[in-house]
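> When you get a sec, could you give me coordinates for this:
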Amino acid sequence: MKFSTIVSVALGLAAVPSAKAGLLAYGICQTGCNTMAVACYAAAGATFGTVTAGAATPAIILGCNAALGKCSASCALVTLLPTP
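Model (predicted):
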């Protein structure tokens, strides 16, 4: 193989952007967040997805919802980080 061909291939590969986890990492992160929320609801004696936020909602359920919101928001950062 000629040296110029090797250099051309190397430069071509160097121009390829780094890989990002994107949707896969985001999905894994969201799954972890939802698993945490289900466990939190179960510990509070409720079923995830059946409680609506209202005046009579127990504080522990509101805490579970807040934790889920923060966890889900942090998942947005995961999609932007490069994956080695």
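> Which of the helices and strands in this protein ranks last by mean pLDDT?
Using mean pLDDT, DSSP states H and E, helix 3-14 stands out as the lowest-scoring helix or strand of the chain, at a mean of 56.
> Mind listing what's buried along the helix or strand following that one?
Going down the chain from helix 3-14, the next helix or strand is helix 23-43, by DSSP states H and E. Within helix 23-43, the residues scored as buried using 16 or more other CB atoms under 10 Å are Ala25, Tyr26, Cys29, Gln30, Cys33, Ala37, Cys40, Tyr41. From N, CA and C alone the C-beta is placed, and that goes for glycine too.
> Quickly name whichever of those residues is closest to Lys70.
Closest approach to Lys70 among the buried residues of helix 23-43 (CB to CB): Cys33, at 8.9 Å.
> Can you give me every residue that contacts that closest one?
Contact analysis of Cys33 by CB atoms under 8 Å, 6 or more residues apart in numbering lists Leu68, Cys71, Ser72, Cys75.
> Apart from its chain neighbours, what residue comes closest to it?
Spatial nearest neighbour of Cys33, excluding adjacent residues (CB to CB, 6 or more residues apart in numbering): Cys71 at 3.8 Å.
> Having no further points to raise, I will conclude here.
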